[in-house]
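Undergrad: My questions concern the predicted model and sequence given below.
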Amino acid sequence: MVTIGNRPVEADSLRERMLRKYALDFGMVRPEDTWIEYNLPVVEVGKKIFESTLLSSNEDTACASCHLDRFGSSDGLPTAVGVEGQSFGAKRVELGGDPQPRNALPLWGRGSKGFDVMLWDGRVERVEDGEIRSQFGDNAPSDDPLTVAAHLPPLELGEMVFDHDGANSWYQQEDVSVADAFASTILARLRRESSLIQDLAEASEMPIEEIGFIDVIAAAAHFIAYNYRIKPTQLHRFVFEGEKLSDSELRGGLLFYGSGQCTYCHNGPYFSDLSFHVIPFPQLGFGFNGFGVDYGRYNVTQDPNDLFAFRTPPLLNVSKTAPYSHSGSVPDLASAIRYHIDPLAVPLPENLRPEDRQQYARRIGLWANEYPFATRISDQDIADLIAFLGTLNYQSELPVTEIQ
Ligand code: HEC
Ligand code: HEC
């Protein structure tokens with residue numbers, strides 16, 4: 001409270017005004033400015049599709065097995081566990097599901113305006129001319145990057161397609177015609193064992209015989225776009241409605257936009273430049289490229305400059321989605337922040353193989369070429385940044401049923 005004469009007046013401090021200005025300058029917009037048009041009947045069917053295990057080869061795994069409310073639409077595990085997994089969270093690991101090489105991504109803001117670069121390595125993206133670049137080449141099944149990304153899990157090895165006795169092993173070749181065959185198998189099953197296709201025909205006002213696998217996936221994607229769309233966070237209310245932040249949140253915000261230089265990469269409405277950078281987080285698990293290695297963006301472009309680079313993660317609801325990084329190797333937010341700035345703080349395992357050590361050294365070298373980071377950060381700074389990240393939380397629209 002400031003007093004003018006004897007009268008106390010609510011006045012925004014200079015720091016508050018600065019933070020508002022920074023937030024707007026670095027791309028914050030009102031939530032509804034990111035929304036697309038929603039078709040609620042399709043959203044409703046899309047939700048059931050998202051929760052249906054009929055989409056996986058073994059009928060044991062749904063989208064909702066790895067994208068759960070209680071883990072902020074991720075799965076709470078370092079790296080995801082695919083088919084043959086049961087239940088959710090750590091139980092999926094205990095029960096012996098098929099391990100995946102990467103950390104399950106949360107879904108906040110996906111499908112909203114301008115969110116055009118999908119997955120950790122951007123292997124699905126909308127490029128300048130509006131075309132979709134993906135592993136489908138010229139045959140992208142949709143012109144919506146979210147739908148194409150959502151199309152991958154049921155077709156990609158392990159995530160939702162697996163079979164231990166080999167009876168379905170023909171699915172496990174990544175080939176467009178095989179993918180098509182798998183898609184028609186699932187479609188036939190959905191027609192036979194559920195009312196989903198009929199419901200979708202009604203919701204989308206299409207003749208039932210015209211509903212294809214891609215329409216099923218597009219409906220799940222539409223549910224994602226609606227359910228996880230940005231809603232007012234504490235930071236939105238601060239910027240657009242003059243609500244107050246705590247001291248720590250305010251200090252953290254000024255660090256985030258100011259000397260911490262986080263917005264060099266975490267900017268725009270989703271707090272991501274949707275571009276690729278190298279951060280020397282440790283690598284966990286067997287790695288996308290096998291033998292504990294994940295070349296990241298390089299897998300898509302084959303450009304050596306892209307080695308070990310990953311898409312800047314959006315930070316909406318980030319305090320709900322531990323563990324962090326593309327391989328889930330970072331247990332908490334404090335470590336995530338510290339490792340950006342000080343790779344020598346990363347505890348590497350004692351028994352690291354020489355090749356892993358060398359790989360890590362290469363990543364530190366590439367990181368050093370990135371924009372110069374803040375060089376010093378105190379424990380108080382980190383606590384303030386964490387408090388600030390907490391102002392980016394909001395709730396999804398509809399509760400997703402957990403797969404037991
Ligand atoms: C076995 C766990 C698992 C299942 C089942 C699963 N996902 Fe995911 N999902 C992941 C992982 C892991 C990633 C990150 C993969 C990567 O980037 O390489 C991901 C990424 C995504 C993304 C990209 C998000 C972004 O930020 O770009 C979308 C969209 C998505 N999943 C939707 C779905 C849908 C729809 C289904 C059901 C058809 C589904 N997922 C089933 C684990 C899973
Ligand atoms: C040079 C670009 C860049 C800058 C600057 C940057 N980040 Fe990041 N950040 C990334 C990338 C890329 C990742 C993911 C790296 C990976 O998983 O291998 C990441 C990961 C994170 C994560 C983990 C998110 C998750 O879902 O796994 C958090 C939290 C985070 N950054 C916060 C910050 C904060 C706070 C700052 C400022 C102190 C900052 N970042 C500065 C690029 C950047």
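TA: Looks like it arrived, so ask away. Computed from a prediction, not measured in an experiment: that's the story for all the values here. Ligands and ions are numbered 1, 2, ... in the order given.
Undergrad: in the protein, what secondary structure element scores lowest on mean pLDDT?
TA: strand 2-4 (a mean of 55; mean pLDDT, DSSP states H and E).
Undergrad: residue boundaries of the strands in the stretch 1-150 of the chain?
TA: 2-4, 7-9, 117-118, 124-126, 132-133 (DSSP state E, counting those that start in this stretch).
Undergrad: which residues touch the nearest residue to Pro41 once chain neighbours are set aside?
TA: Counting by Cβ to Cβ, 6 or more residues apart in numbering, Pro41 lies nearest to Ala203, which is 3.6 Å off, once chain neighbours are set aside. C-beta coordinates here come from the backbone N, C-alpha and C atoms, glycine included. Applying Cβ atoms under 8 Å, 6 or more residues apart in numbering to Ala203 gives the contacts 39, 41-42, 44-45, 219.
Undergrad: Return the members of those classed as buried.
TA: 42, 44-45, 219 (16 or more other Cβ atoms under 10 Å).
Undergrad: Just to be sure, which of these are found in helices?
TA: Judged by DSSP state H, those include 42, 44-45, 219 as members of helices.
Undergrad: Quick check: the two most widely separated of these?
TA: Glu44 and Ala219 (9.2 Å; Cβ to Cβ).
Undergrad: doesn't Pro323 make contact with Pro78?
TA: Yes. Using Cβ atoms under 8 Å, Pro78 is in contact with Pro323, at 5.3 Å.
Undergrad: list residues touching both of those two?
TA: Shared contacts of Pro78 and Pro323, counting by Cβ under 8 Å, 6+ apart, come down to 103, 329.
Undergrad: any chance of the contacts of Ala203 in a markdown table, with distance to Leu235 and pLDDT too?
TA: Listed next are the contacts of Ala203 as a markdown table, based on distance: Cβ to Cβ, whole Å; pLDDT from 0 to 100:
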| residue | distance to Leu235 | pLDDT |
| --- | --- | --- |
| Asn39 | 29 | 98 |
| Pro41 | 33 | 98 |
| Val42 | 31 | 98 |
| Glu44 | 30 | 98 |
| Val45 | 33 | 98 |
| Ala219 | 31 | 98 |
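Undergrad: Going by distance to ligand 2, which of the residues you listed wins?
TA: Ala219 (26.6 Å; Cβ to the nearest ligand atom).
Undergrad: Write out the residues of the stretch 151-300 of the chain neighbouring ligand 2.
TA: Contact residues, the stretch 151-300 of the chain versus ligand 2 (Cβ under 6 Å from any ligand atom): 256, 260-262, 264-266, 277, 279, 281.
Undergrad: that older thread, from the contacts of Ala203, pick the one nearest ligand 1.
TA: Ala219 (9.8 Å).
Undergrad: Not counting its neighbours along the chain, what's nearest the closest one?
TA: Per Cβ to Cβ, 6+ apart, closest to Ala219 is Gly46, 3.8 Å.
Undergrad: Do I have it right that that neighbour meets Phe223?
TA: Yes. Here Gly46 reaches Phe223: they are 3.0 Å apart, a contact under Cβ under 8 Å.
Undergrad: returning to that earlier point: looking at the residues of the stretch 151-300 of the chain next to ligand 2, which are in strands?
TA: His277 (DSSP state E).
Undergrad: Now, of the residues of the stretch 151-300 of the chain next to ligand 2, which are buried?
TA: Counted by 16+ other Cβ under 10 Å, those give 256, 260-262, 265-266, 277, 279, 281 as buried.
Undergrad: Tell me how far stretch 342-362 lies from the chain's centre.
TA: 26 Å (Cα atoms, centre = their mean, to the nearest Å).
Undergrad: Dump that stretch to CSV, restricted to CA.
TA: The C-alpha trace of stretch 342-362 is given here as CSV (Å, rounded to 0.1, in the frame of the first residue of the first chain):
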residue,chain,number,x,y,z
ASP,A,342,25.4,-25.5,-14.4
PRO,A,343,25.9,-28.8,-16.2
LEU,A,344,28.6,-29.7,-13.7
ALA,A,345,25.9,-29.9,-11.0
VAL,A,346,24.5,-32.9,-12.8
PRO,A,347,25.2,-36.0,-10.7
LEU,A,348,26.5,-38.5,-13.3
PRO,A,349,26.4,-42.2,-12.2
GLU,A,350,29.8,-43.6,-11.0
ASN,A,351,29.8,-46.4,-13.4
LEU,A,352,29.2,-44.3,-16.5
ARG,A,353,30.5,-46.1,-19.6
PRO,A,354,33.3,-44.1,-21.4
GLU,A,355,31.1,-43.6,-24.4
ASP,A,356,28.3,-42.2,-22.3
ARG,A,357,30.8,-39.8,-20.6
GLN,A,358,32.0,-38.7,-24.1
GLN,A,359,28.5,-38.2,-25.3
TYR,A,360,27.7,-36.1,-22.3
ALA,A,361,30.8,-34.0,-22.9
ARG,A,362,29.7,-33.4,-26.5
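Undergrad: Show me the shaky parts of this structure.
TA: 1-11, 83-86, 93-96, 154-176, 374 (pLDDT under 70).
Undergrad: how is it carved up into domains?
TA: 2-33+232-392, 37-227 (automatic domain parsing).
Undergrad: Could you say which of these is packed most deeply?
TA: domain 37-227 (a mean of 19; mean count of other Cβ atoms under 10 Å).
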